[in-house]
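# generate a structure from the sequence data that follows.
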Amino acid sequence: MAKMMGPRFKLCRRLGLNVCGHPKAMDRATKFNSREAKKLSNYGQQLLEKQRLRSYYGVLEKQLKKYVKKAMKSSEVTGDVLVCSLESRLDNLVYRMGFSSSIRQARQLVNHGHILVNGKKIDIPSYEVKVGDELCLKEKSRKNKMFVDNFLNGNGFNISYIELDKDNFKGKLVKSPQRDEVPIKINDQLVVEFYSKSL
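Below is the predicted model:
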């Protein structure tokens with residue numbers, strides 16, 4: 001399966017934004033190693049925001065294009081629909097709920113069958129989680145200290161569309177994510193403008 005690889009901290013410094021969520025990711029960031037510090041054209045700014053969005057969710061170019069096309073067909077604000085669709089991916093919600101410490105680790109948990117959705121094993125990271133769906137760490141996987149520590153020690157995000165049941169290692173998507181609630185720093189309008197010329 002194709003996936004984004006490469007040094008995470010270096011990527012964060014280059015994009016001028018902590019897209020991996022690690023507290024030390026930007027420790028060595030300077031104005032000299034960030035694209036944002038350079039004078040960018042309109043196209044350059046659009047490209048930078050697109051790369052940031054891709055990196056936040058760990059999706060490939062082909063995948064992101066599919067999400068943009070789908071968002072453009074909606075009657076709602078395209079940028080909002082795009083971000084909220086990405087936010088509803090299974091791997092992302094595994095990360096948001098605190099089962100993992102990063103998107104990459106979340107994808108690995110899903111791929112290896114550690115996460116159940118409504119009691120069924122789903123091993124597709126891009127699976128779209130619906131409102132009311134319940135995510136649970138498989139009983140056997142609760143013997144893994146790293147998974148347990150991640151979930152119990154507050155790795156998750158405190159956001160209104162997620163409800164956690166730490167006693168039973170469960171999390172639930174209680175409502176559709178709204179753009180202003182999604183904890184990412186992205187100018188999604190620039191992303192939409194980038195793709196509007198080619199799609």
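# residue 52: what secondary structure?
For residue 52, the assignment made with DSSP: H, G, I helix; E, B strand; the rest coil gives helix.
# and it, how many residues sit next to it?
Residue 52 has 23 neighbouring residues, counting by other C-beta atoms under 10 Å. Where you see a C-beta, it was placed from the backbone N, CA and C, and this is true even at glycine.
# in this structure, which residue is most central in space?
The residue lying closest to the centre of the chain (C-alpha atoms, centre = their mean) is residue 57, at 3.3 Å.
# tell me the pLDDT at it?
What the model reports as pLDDT for residue 57 is 90.
# again with the one 5 residues further on
Looking at residue 62, its pLDDT is 94.
# for residue 103, same thing?
Residue 103 carries a pLDDT value of 85.
# same question for residue 16.
pLDDT for residue 16: 70.
# can you tell me how far it is from residue 45?
12 Å (C-beta to C-beta, to the nearest Å).
# is residue 157 in a helix, a strand, or coil?
coil.
# in this protein, where is pLDDT below threshold?
1-15, 17-38, 154-156, 199 (pLDDT under 70).
# one more time with 50
Residues of the chain meeting the criterion pLDDT under 50: 1-2, 27, 32-33.
# ok, and the closest non-adjacent residue to the residue nearest to the centre of the chain?
residue 86 (4.7 Å; C-beta to C-beta, 6 or more residues apart in numbering).
# shouldn't that neighbour be in contact with residue 66?
No: Residue 86 is not in contact with residue 66 according to C-beta atoms under 8 Å; the separation is 10.8 Å.
# what about these two, which has more around it?
Taking neighbours as other C-beta under 10 Å, residue 86 and residue 66 compare with residue 86 leading, 25 against 13.
# just the buried residues of the helix or strand that one falls within, please?
Counting by DSSP states H and E, the element that carries residue 86 is helix 78-87. The neighbour-count check on helix 78-87 (16 or more other C-beta atoms under 10 Å) flags 78-87 as buried.
# nearest to residue 179, out of these: which one, please.
If you rank the buried residues of helix 78-87 by distance to residue 179 using C-beta to C-beta, residue 80 comes first, at 4.1 Å.
# relative to residue 62, how far out is the closest one?
22 Å.
# what does residue 78 give?
Taking C-beta to C-beta, one finds residue 78 at 19 Å from residue 62.
# just residue 54 next, same as before
Residue 54 is 11 Å from residue 62, by C-beta to C-beta.
# neighbour-wise, which of these two wins?
The residue with more neighbours, out of residue 54 and residue 62, is residue 54; 19 against 8, by other C-beta under 10 Å.
# of the buried residues of helix 78-87, closest to residue 99?
Distance ranking of the buried residues of helix 78-87 against residue 99, using C-beta to C-beta, places residue 87 first at 15.8 Å.
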